[in-house]
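Q: Sequence below, structure please.
(chains A and B)
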Number of protein chains: 2
Amino acid sequence: MISNEIKNKLQAVVGPEYVLDAEIDCFGYSYDSSFIPLSPNNIPDLVVRPATTVQVAGVMALANNYGIPVTPRGTASGRTGGSIPLAGGISLSLERMANVVEFDEKNMMITVEAGMRTIDVYNFCAAKGLFYPPDPASWKYSTIGGNVGENAGGMRAVKYGVTSNYVMGLEVVLADGTILNTGGKAIKNVTGYNLTQLFTGSEGTLGIITKILMRLIPMPKARNTLQLMFPSIEGACDTIHQMLQSGVVPASAELMDKTSIQAVARHRKLDIDPAIEACVIIEIDGDDNEDLEKQAQQIAAIARRFEVKEVHIAGTLKESEEIWAIRRGLSSAIGAMAPNRFGEDISVPRDAFPAVVRQIRKISEKYKFTIAVYGHAGDGNIHPSVLCDMSKPEDAERIHHAIDEIFAAALAVGGTLSGEHGIGITKRSYLEKALGQAGVNTLKAIKQALDPKGILNPGKIWENKV
Amino acid sequence: MISNEIKNKLQAVVGPEYVLDAEIDCFGYSYDSSFIPLSPNNIPDLVVRPATTVQVAGVMALANNYGIPVTPRGTASGRTGGSIPLAGGISLSLERMANVVEFDEKNMMITVEAGMRTIDVYNFCAAKGLFYPPDPASWKYSTIGGNVGENAGGMRAVKYGVTSNYVMGLEVVLADGTILNTGGKAIKNVTGYNLTQLFTGSEGTLGIITKILMRLIPMPKARNTLQLMFPSIEGACDTIHQMLQSGVVPASAELMDKTSIQAVARHRKLDIDPAIEACVIIEIDGDDNEDLEKQAQQIAAIARRFEVKEVHIAGTLKESEEIWAIRRGLSSAIGAMAPNRFGEDISVPRDAFPAVVRQIRKISEKYKFTIAVYGHAGDGNIHPSVLCDMSKPEDAERIHHAIDEIFAAALAVGGTLSGEHGIGITKRSYLEKALGQAGVNTLKAIKQALDPKGILNPGKIWENKV
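A: Have a look, this model is predicted:
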C-alpha cells in the first residue's frame, strides 16, 4: 500500500488527475497480451501517467526514496508479462509521452518519446520518404518504448534487423531519478560501454526509457510478394537457406507448417492441396520492377531445385495483399481452434529450423496437443502455438511439460528462449538453463549495480523478492 | 612486484616457459601504437601467455585472489593505449590463442580464438566464399580479440558496419576467473541483457574475451573504385550525403582534405591540380558489372551536381589498386611531414562533417599547427592528424590545447570522442564532457559490479587508483 502522503507527493509531480487509484482503473493496468491469467495480485496500487522526462525523474526519485516498486508500460501489448505489476506499487504509464522530439532528415534520424505508437513512428517517417523497418506483429498498437524495452523483432528482421539495430541513443531515467543520455548521432561511437544496447531489451528492469534516437533508411522504391508451396518443411527451409547463401536477401521470409495452413484454409474457406506441408511467403524489395523481377526469378529457380509445388508471384499490390492476408489471418485462425493457446517464441540457428520443427511435431504427438508452427524462417525465429483446453485438468498439467520440451529442443541446438518477446514472467524459470549460472549471476550483478533497491519492474527476467 | 610464490603458481597454470619476467621481454609489452611515450612505469611485472580459456581462467583466479592488475592484449596495435599495463602486474597476451574453433558454413558463422589476426579471419572466410567486412587500418597485424575489445571500425563501415555488428556471442573470462558465455547462433535473441554488446568495446576492463562467435555474409561478387576530385570540402560532403540519401550505399567513402592530398602528392611524386580541395575515394560492390556500372553512373551524376572537377572510374583491378594506394599511403605521407603526429578519431553526425572540418582548419590557424584531415566521410568518422615537434617546448605546450579544441568541436555538434579507437588512456580526461556525470557514474557502477577489486586493465577509460 502507498500512503496518502506519498500519493500527494506523486500528484504534485504529475498533476492530481494523472495519479489513478480507483480499483477499476488500476485493474486495467494489471494484464498484458500474454497468457498470464488475470489476478488481483497483479493490480498496481497506483497508476501514474507522467507527461515529461522531468516528471518521470520526479516519480522515480520518490519511488526510490520510499522503496516502491515501479513497473513501466506502454500499451501492454507484450507477450511475456513484462508490463504486469507483479509486486503492486506504481504502474508507470508512458502513453502521454507520444511526441516526435526531432526529425533530422539530413542525418536520417528521428528522436521520439517512448509512448509513441510504433505505427505512428513508421508513418511519420514514411511521409518523409524514410523507412523505420521493425514491424512486430503488434506494431499498430504497441509503443516504441515497449519495442525498445523488449527489443521487438518482426517479419522484416531477415533483411533489416530488429529494433536494437535502429536504436542510436536513449534517454533513460535511472532507478534513483537520475536522467541518463546514451549514444548519439555519431554512427561510429566507442566512447565508453555500450549502454544503449544494455538498456535496449532490458525489459524495464534497469531504467525507464523516455526518449529514443533512431536511425532510418531510405524507403525501398518497389516491393513484391511471392508465395511458395512445398510438399515438405525441408524443401521450404532449404530454399530459404540457399536464397540467403546466394546473397538474395528478402525483406521477409515467413514459413507456415501444415497445421497452420489448414487452420487458415478452414478459417478463410480456401481450398489448399492436402499434399502441401509448408507455405513460404516472401517479401522482396528493391530499386525498381526490373530488380524485383530478377530477385523473384532467382528465388523461384532455387525453390524449383527443392521441389516446390506452386510458385505464385504477385503482380499487383492487391495480389500481394491477398498473399499477406493468409499470414496475417494466421494468429486468429489458430486461436479459434481451441479454448487456450500458448504461443511461444523460440529462436534457433537457421540451419536447425527443420530439425526443431520435426522435434516439435514429436512433442505434439507425445502430449496429444495440436501444435501449429509458423515463424520467421529467414532468421530462425519459430512461433509454436500449443493448443489446449485449460479447463481440463489433464491439459493443464501436461501443457507445461510440452512447453518445457519445446524450450529444451531450442536450447539443445544452440538456440534461445526468446527471439523477440522477451523473458518477462513466462520464461524466467528457464533462464538459467539458457544462460548458465555465470550468465544469470552477471545479469544480477548489473541489475544490483543500477537498481540497488530492486524497485524497477521486480519479478521480471528472473524471480526475486521485493 | 609479484612474489615468487605467485609466479610459481602462474607457471603451474600456463607452463614455465609462458611466464616471462626478463626485463627486456617485459619492456616489449609496455607500449602500443598510440602516441603515449615509452615509460618504465608501463612495464608489466610479468608477461603471461596462456594457450587455452581454462588457463586464462586460472590466471584470473590467481590475479583476483592476490589483487594483481591484469592488462589483456593481442598485438598492441591499438591507438589509445588500451593494452599498456599502466599499473604493472600481468600483461596477459592472447597471441597463442589464434585458432579457428568452428566454421559453420550453413549458418554463415565462425568461432575464433581472440588472438587470431583479423586478416587471417578474413582470409579463412574468403576462401570459403564468405565475407568478414570490418577492416580497421591495422587489420593485417591486429587481433580479432583486440578488434572486439575496442569495437574497431574501418573503411567498409559505411555499408557493412563495425566489428560489433558481426559479434553474435562471446566467451569471456570474468575478473574472478569465471568463464561466461554470451549470445549464440540464434539471429534473434532477447534472452537477458545484451552482455555480448556490453563486453564488445569495453577495452578489457570488464573481462578477458577469449572466443568470438561472428556472423559472416556472402562475399560481394564484383567491386569497383571511383576517385572524385572536388574544388571544395562542401561539394564532397554533399555528394556523399546525396548518394546515401538516394539509397546508393557504397562499401567505403573516404575523404581527404587538401593538406592530406598534397602530402600524398609530394610523397608519391604525383601531379595534382592545386585547385583541388577534397578527394573522395569510393568503393562500390554488387552482383555483377552491370550493377556496378549503374551505381558508378548514379554517383558520378550526383557528384556533377556538386561541381566535381574530375571523376575517375577504375576499369580494372590494377586501376582500383592505384586509386586505393593514394589512401593507403596517406598515413605514412602525413607522418613524414613532421617529427610528431597526434592522430585523432572523432566521430560526428554525418551532416556536421563539413562544419567540423572547417572548425579544425580554424584550430590549425589559431595554433599554427598543420592539421591534415581525412576520414570515413560516409559515416562521419574524422581522423585529424596534428603535426608538431615535441622537442620544441612551445609545441609541447600548445598541442594539448589544440586537441582539446578538436574534441570540443566534435562534442558541440553532438559527436563523440572516438569512432573506432576507443578511449584507453589518451582520451580519458575528456570522458565526462562526452558522457556527462550520469554516464560516467553508470559505467563505473557496471565496472564495480563486474570487477569489484578493479584488477582488469586499471587506468583505462577513466583514471582510477589500483
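
Q: alpha carbons only for contacts and neighbour counts from here, please
A: OK.

Q: for the stretch 351-466 of chain A, what spans make up the helices?
A: Counting by DSSP state H, counting those that start in this stretch, the stretch 351-466 of chain A has helices at residues A:353-367, A:393-412, A:431-450.

Q: wait, which of the ones you listed is closest to chain B?
A: Closest approach to chain B among these is made by helix A:431-450 (5.5 Å; Cα to the nearest Cα).

Q: Could you pull out the buried residues of the closest one?
A: Residues of helix A:431-450 classed as buried by neighbour count (16 or more other Cα atoms under 10 Å in any protein chain shown): A:431, A:433-435, A:438-440, A:442-450.

Q: Please name every helix or strand in contact with that helix.
A: strand B:179-183, helix B:431-450 (3 or more Cα pairs under 8 Å, 6 or more residues apart in numbering or on different chains; DSSP states H and E).

Q: Kindly calculate the angle that it makes with helix B:431-450.
A: Orientation check (axes from the mean of the first three to the mean of the last three Cα atoms, to 10 degrees): helix A:431-450 against helix B:431-450 gives 130 degrees.

Q: what's in contact with helix A:431-450?
A: Applying Cα atoms under 8 Å, 6 or more residues apart in numbering or on different chains, the external contacts of helix A:431-450 come out as A:174-175, A:205-206, A:411, A:416-417, A:423, A:454, A:461-462, B:178-182, B:191-193, B:442, B:445-446, B:448-450.

Q: cutoff 7 Å now
A: Helix A:431-450 is contacted from outside by A:Leu206, A:Leu411, A:Thr416, A:Leu417, B:Leu180, B:Asn181, B:Tyr193, B:Ala445, B:Ile446, B:Ala449, B:Leu450, using Cα atoms under 7 Å, 6 or more residues apart in numbering or on different chains.

Q: Need the CA coordinates for the strand or helix carrying A:Val264. PDB is fine.
A: Element membership for A:Val264, per DSSP states H and E: helix A:258-268. Presented in PDB, the C-alpha positions along helix A:258-268 are these (Å, rounded to 0.1, in the frame of the first residue of the first chain):
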ATOM      1  CA  LYS A 258       0.600 -27.800 -42.400                       C
ATOM      2  CA  THR A 259      -1.400 -27.300 -39.200                       C
ATOM      3  CA  SER A 260      -1.100 -23.500 -39.700                       C
ATOM      4  CA  ILE A 261      -2.000 -23.700 -43.400                       C
ATOM      5  CA  GLN A 262      -5.000 -25.900 -42.700                       C
ATOM      6  CA  ALA A 263      -6.200 -23.500 -39.900                       C
ATOM      7  CA  VAL A 264      -6.100 -20.600 -42.300                       C
ATOM      8  CA  ALA A 265      -7.800 -22.600 -45.000                       C
ATOM      9  CA  ARG A 266     -10.700 -23.500 -42.800                       C
ATOM     10  CA  HIS A 267     -11.000 -20.000 -41.400                       C
ATOM     11  CA  ARG A 268     -10.900 -18.300 -44.700                       C
END
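
Q: Mind checking what helix or strand follows that helix in sequence?
A: Beyond helix A:258-268 in the direction of the C-terminus, DSSP H and E gives the next helix or strand as strand A:278-286.
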